[in-house]
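Chemist: any chance you can model this:
(one chain, ligands or ions: 3)
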Amino acid sequence: MRPAKDFFAPLAVGAPAPLREIPARPSRAIHFFDPSNAKMAAKVPAMVGTVDVLLGNLEDAVKADNKVAAREGLVRIAQETDFGPTQLWTRINSLDSPWALDDLTTLVPAIGDKLDVVMVPKVQGAEDIHYVDRLLAQLEAKAGLQRPILVHAILETARGVANIEQICGASPRMQGLSLGPADLAADRRMKTTRVGGGHPGYLVRQDPPRGSDGTSDVGADRSVYQQDLWHYTIARMVDACAMHGIYPYYGPFGDIADVVACEDQFRNAFLLGCVGTWTLHPKQIDIARRVFSPDPADVEHAYRVRAAMGDGTGAVMLDGKMEDDASLKQCLVMVALAEQLSAIDPELAERYAKAQAAAESTEQEG
Ligand SMILES: CC(=O)SCCNC(=O)CCNC(=O)[C@H](O)C(C)(C)COP(=O)(O)OP(=O)(O)OC[C@H]1O[C@@H](n2cnc3c(N)ncnc32)[C@H](O)[C@@H]1OP(=O)(O)O
Ligand SMILES: O=CC(=O)O
Ligand SMILES: [Mg+2]
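Modeler: Ligands and ions are numbered 1, 2, ... in the order given. Presented below is the predicted three-dimensional model:
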């Protein structure tokens, strides 16, 4: 392990200095595209501004025969496209594949100045991040890059989950973690064949009614409540990321047609602390943008609490509820997110400005 004094030292002579803090850039929708799929690739320039992140995927879902075409396609798209405020990420092939090294040694010199984040799949432990960290530093130095490329790990092995804190703290490049429910389910030998989402078999059943003689009628009709298979993993991910000042994301939701369950799954992740999700199909983009942008009513409430709390200490009553220093901090999380999103999204800026004005006028009346 690197001693604290060396943690922020560049890992190659001439590489850009690592960031001291990972910027909180909006990344509600990380939109996956296959750069070797001509039809999909052709849509990328028009998607700039419609998603927060465009991610050129080189790993799973790209056929083995198309790996080189995908890599070259990504280089071409990146060179030809002005991404404006939209971030460009890539998901490289896994480190145990024959393609990962060529992915990095091709992409960094060619488009390193445009790449914000490299997503690394199937990360098992800090050693995987150390490998990518050093290699990126060497490639950045060679290419004369001025800012470091950040690293994002996918949590999709049992070992990765067990090593989650070490992964998050392995390098100042660490930007965040995504849940990889498909590979993780396989690695854990879970018995779901779905890509993310719930499962009707994973449930809790209402207690049976009791007869007058005290016996339970186990055959009676009872409500069942479907549970979330991913709750534990997402909660661990959120804590590990918060502890290290980096960002957690939901991953793929494979049932493209079920936009309702997709929204539920995204919202659970948002409420638990995730900042965004992957979108695999254009249908999922509006869902992600909506769910990961706070509701204006919640933003209005947050501004009201902030105004009512004055110097931020003590306790007040608002709408019959107690608010204090701690609930103010919750509200400030909401306000900070609303302000970040307002800076990049004029429509949301207008809605949040109205929420703030309404909160301030209620405060003046009160
Ligand atoms: C477990 C994991 O690792 S998840 C991450 C890896 N997986 C991925 O990245 C999958 C990305 N998505 C896809 O490959 C595709 O969306 C699929 C295979 C799921 C569905 O593709 P299709 O059957 O073509 O979907 P569909 O017919 O509904 O597409 C409608 C239109 O959207 C386009 N489209 C589909 N997905 C995307 C996308 N991700 N980005 C941009 N455009 C897309 C199609 O090209 C099509 O265009 P057209 O109307 O001009 O013909
Ligand atoms: O890569 C994603 C997954 O779910 O596996
Ligand atoms: Mg995977």
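Chemist: alpha carbons only: can I get stretch 284-297 in PDB?
Modeler: Only the C-alpha atoms of stretch 284-297 are listed here, as PDB (Å, rounded to 0.1, in the frame of the first residue of the first chain):
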ATOM      1  CA  GLN A 284     -34.300   4.100 -20.700                       C
ATOM      2  CA  ILE A 285     -32.800   7.600 -21.100                       C
ATOM      3  CA  ASP A 286     -35.800   9.700 -20.100                       C
ATOM      4  CA  ILE A 287     -36.400   7.400 -17.100                       C
ATOM      5  CA  ALA A 288     -32.900   7.800 -15.800                       C
ATOM      6  CA  ARG A 289     -32.900  11.600 -16.300                       C
ATOM      7  CA  ARG A 290     -36.300  11.900 -14.500                       C
ATOM      8  CA  VAL A 291     -35.500   9.600 -11.600                       C
ATOM      9  CA  PHE A 292     -32.000  10.900 -10.900                       C
ATOM     10  CA  SER A 293     -33.100  14.500 -10.900                       C
ATOM     11  CA  PRO A 294     -34.800  15.400  -7.600                       C
ATOM     12  CA  ASP A 295     -38.500  16.200  -7.700                       C
ATOM     13  CA  PRO A 296     -39.200  20.000  -7.600                       C
ATOM     14  CA  ALA A 297     -41.500  19.500  -4.600                       C
END
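Chemist: show residues contacting that stretch.
Modeler: 28-29, 31, 50-51, 253, 256, 259, 262-263, 266-267, 270, 274-277, 279, 334, 337-338, 341, 345, 348, 351-352, 354-355 (Cβ atoms under 8 Å, 6 or more residues apart in numbering). The C-beta positions use only the backbone N, C-alpha and C, and glycine is treated the same way.
Chemist: excluding residues flanking it in the chain, which one is nearest the residue most central in space within the chain?
Modeler: Nearest to the mean C-alpha position of the chain, by Cα atoms, centre = their mean, lies Tyr249 at 2.2 Å. Leaving aside its chain neighbours, Tyr249 sits nearest to Ser178 (4.3 Å; criterion: Cβ to Cβ, 6 or more residues apart in numbering).
Chemist: do you know how far that neighbour is from Val333?
Modeler: Distance, Ser178 to Val333, using Cβ to Cβ, to the nearest Å: 21 Å.
Chemist: can you report phi and psi for Phe33?
Modeler: phi -140, psi 150 (degrees, to the nearest 10).
Chemist: hey, what's it bridged with?
Modeler: Note on Phe33: beta-bridge partners by DSSP bridges are Gly56.
Chemist: roughly how far apart are it and ligand 3?
Modeler: Per Cβ to the ion, to the nearest Å, Phe33 is found 16 Å from ligand 3.
Chemist: these two touch, right, that residue and Leu58?
Modeler: No: if you go by Cβ atoms under 8 Å, Phe33 and Leu58 don't touch, sitting 10.9 Å apart.
Chemist: what does the stretch 201-350 of the chain put close to ligand 2?
Modeler: Gly251, Pro252 (Cβ under 6 Å from any ligand atom).
Chemist: give me the element the residue of the stretch 201-350 of the chain found nearest ligand 1 is part of.
Modeler: Of all residues in the stretch 201-350 of the chain, Pro252 sits closest to ligand 1, at 3.6 Å by Cβ to the nearest ligand atom. Counting by DSSP states H and E, there is no helix or strand that carries Pro252.
Chemist: residue contacts, it?
Modeler: Contacts for Pro252 (Cβ under 8 Å, 6+ apart) come out as Phe32, Gly180, Pro181, Ala182, Val195, Gly196, Trp278, Leu280.
Chemist: can you count the residues close to the second one?
Modeler: Residues near Gly180, counting by other Cβ atoms under 10 Å, number 26.
Chemist: re earlier: next up, the contacts around the residue nearest to Tyr249.
Modeler: So Ser178 contacts Ile30, Met119, His152, Ala153, Ile154, Leu155, Pro248, Tyr249, Tyr250, Gly251, Trp278 (Cβ under 8 Å, 6+ apart).
Chemist: does Ile256 count as helix, strand or coil?
Modeler: Recorded secondary structure, Ile256: coil (DSSP: H, G, I helix; E, B strand; the rest coil).
Chemist: and it, how many neighbours does it have?
Modeler: Counted with other Cβ under 10 Å, residues neighbouring Ile256 total 15.
Chemist: what's the answer for Val224, then?
Modeler: Val224 has 10 nearby residues by other Cβ under 10 Å.
Chemist: isn't it right next to Leu203, touching?
Modeler: Yes: at 4.7 Å, Val224 and Leu203 qualify as touching, with contact defined as Cβ under 8 Å.
Chemist: show me just the buried residues among the contacts of stretch 284-297.
Modeler: In terms of neighbour count (16 or more other Cβ atoms under 10 Å), the buried residues within the contacts of stretch 284-297 are 28-29, 31, 51, 253, 262-263, 266-267, 270, 274-277, 279, 334, 337-338, 341, 345, 348, 351-352, 355.
Chemist: tell me the residue furthest from the middle of this structure?
Modeler: Asp213 (53.4 Å).
Chemist: where does that residue fall, secondary structure wise?
Modeler: Under the criterion DSSP H and E, no helix or strand holds Asp213.
Chemist: thinking again about what came up before, next, format the contacts of Ser178 as JSON lines and append secondary structure.
Modeler: What follows is the contacts of Ser178, written out as JSON lines (three-state DSSP):
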{"residue": "Ile30", "secondary structure": "strand"}
{"residue": "Met119", "secondary structure": "strand"}
{"residue": "His152", "secondary structure": "strand"}
{"residue": "Ala153", "secondary structure": "strand"}
{"residue": "Ile154", "secondary structure": "strand"}
{"residue": "Leu155", "secondary structure": "strand"}
{"residue": "Pro248", "secondary structure": "strand"}
{"residue": "Tyr249", "secondary structure": "strand"}
{"residue": "Tyr250", "secondary structure": "coil"}
{"residue": "Gly251", "secondary structure": "coil"}
{"residue": "Trp278", "secondary structure": "strand"}
